[in-house]
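Enquirer: What follows is a predicted protein model with its sequence.
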Amino acid sequence: MNHASCRLLSGTGASADPFRLDFRWDGPAPRAGQFFMVKPRRGGVFLGRPISVAAWTPADAGGGPATVTFLVARRGRGTLELADMRPGEEAELTGPLGNAWTDFLPPANPADGRSVALVGGGIGLAPFMAMLHENTGEGLGYVFHLYAGFRTDPGSRDTLWESARSKAGKVIIATEDGSSGHKGLVPDFLEPERHSAVCACGPEPMIRAVADRCAAAGVPCFVSLERRMACGVGACLGCTVKTADGNRRCCADGPVFDAREITFDG
């Protein structure tokens, strides 16, 4: 984990929701599923906001800097200040934090012909974009089927989204209004028994529905949870996740958990 002031190289904060931020990052390479605490140096918020890594690009031979990319939904003062940032400005980045998808996935075995399902809703797709890029760049060997849920037609979205979906073995899109892909909620189109494992990230009701389907099918399910965070490193005990073994910390013990451990509310 590093803490540094990092320059914003490019961003779409003024024109998109979710918006994209590309920062120079010379610290440790993040893995898909991990996150950073991000806070603009010019701003009024005291604490950073936890943002999942959407992509990581190492420095190139031509002198191009290493970059970490975030996709951020506008949700409050902290993210609005991030949306206000302009290229050249700096933010305080602390990370990479938390665990990664590959800490949980079984070893890749392309010979068995089974895929891993990535089920994401809205901004919950960001860590799967990182996973798809990492799988290609690092040669991890997985075959991923991407299930993407939206309220309405996502359109072309960001080039990062287009690049990520091109790396999936199969893409299933569901929209609540039926404007693109299947009409309905994305868990409705998941058949867990077709996959060796399922990963889910997005709104908690969606995650719970995916976890229930996987439990019924006897398929391993791993979920990335979201909680309000203050420190991001497990010191403040403010990001509680209820589990069968008691309360755990979303930041230091997660954000990825085995779904069988989670006690969902309601």
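Expert: Yep, it's here. Since the model is a prediction, treat every value here as computed from it, not as a measurement.

Enquirer: For stretch 117-133, C-alpha coordinates in CSV please.
Expert: Extracted C-alpha coordinates of stretch 117-133, given in CSV (Å, rounded to 0.1, in the frame of the first residue of the first chain):
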residue,chain,number,x,y,z
ALA,A,117,-19.5,-15.8,-14.7
LEU,A,118,-19.0,-12.1,-13.9
VAL,A,119,-22.3,-10.5,-12.9
GLY,A,120,-22.3,-6.7,-12.6
GLY,A,121,-25.0,-4.1,-12.1
GLY,A,122,-24.3,-0.5,-13.1
ILE,A,123,-21.1,0.9,-11.6
GLY,A,124,-20.5,-2.6,-10.2
LEU,A,125,-19.2,-3.5,-13.6
ALA,A,126,-16.0,-1.5,-13.0
PRO,A,127,-14.0,-4.2,-11.1
PHE,A,128,-15.0,-6.7,-13.8
MET,A,129,-13.5,-4.4,-16.5
ALA,A,130,-10.3,-4.6,-14.5
MET,A,131,-10.6,-8.4,-14.3
LEU,A,132,-11.1,-8.8,-18.0
HIS,A,133,-8.1,-6.6,-18.8
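
Enquirer: What average pLDDT does it get?
Expert: The average of the pLDDT scores along stretch 117-133 is 95.

Enquirer: do the same with stretch 223-234
Expert: Mean pLDDT, taken over the full extent of stretch 223-234, equals 90.

Enquirer: ok, residues contacting that stretch?
Expert: 1, 33, 35, 37, 47-48, 50, 52, 94-95, 97, 101, 124, 127, 199-201, 204, 207, 210-211, 236, 238-241, 249-257, 259, 262 (C-beta atoms under 8 Å, 6 or more residues apart in numbering). Glycine gets a C-beta too; all of them are placed from N, C-alpha and C.

Enquirer: filter those residues to the buried ones?
Expert: Of the members of the contacts of stretch 223-234, the ones counted as buried by neighbours, 16 or more other C-beta atoms under 10 Å, are 33, 35, 37, 48, 50, 52, 94-95, 97, 101, 124, 127, 199-201, 207, 210-211, 239, 241, 249-257, 259, 262.

Enquirer: taking these one by one, which sit in strands?
Expert: Using DSSP state E, 35, 37, 50, 52, 94-95, 97, 199-201, 241, 249, 256-257 are the members of the buried ones among the contacts of stretch 223-234 that sit in strands.

Enquirer: And the furthest pair within these?
Expert: Using C-beta to C-beta, those span at most 25.8 Å, a distance reached by T94 and A200.

Enquirer: residue with max distance from the center of the chain?
Expert: Computed with C-alpha atoms, centre = their mean, the residue of the chain farthest from its C-alpha average is G62, at 29.2 Å.

Enquirer: Quick check: what element follows the strand of greatest length in the chain along the chain?
Expert: Counting residues, the longest strand found in the chain (DSSP E) is strand 2-11. Next in sequence after strand 2-11, counting helices and strands by DSSP states H and E, comes strand 19-24.

Enquirer: domains of this protein?
Expert: Listed by automatic domain parsing, the domain ranges of the chain are 2-97, 101-261.

Enquirer: and E90, how many neighbours?
Expert: When counting by other C-beta atoms under 10 Å, one arrives at 16 neighbours for E90.

Enquirer: so it touches K39, yeah?
Expert: No: the pair E90 and K39 does not pass the contact test of C-beta atoms under 8 Å, sitting 10.2 Å apart.

Enquirer: List the buried residues of the lowest-mean-pLDDT helix or strand in the chain.
Expert: For the chain, the helix or strand with the lowest mean confidence is helix 159-166, at a mean of 84 (criterion: mean pLDDT, DSSP states H and E). Neighbour counts over helix 159-166 (16+ other C-beta under 10 Å) mark L160, W161, A164, R165 as buried.
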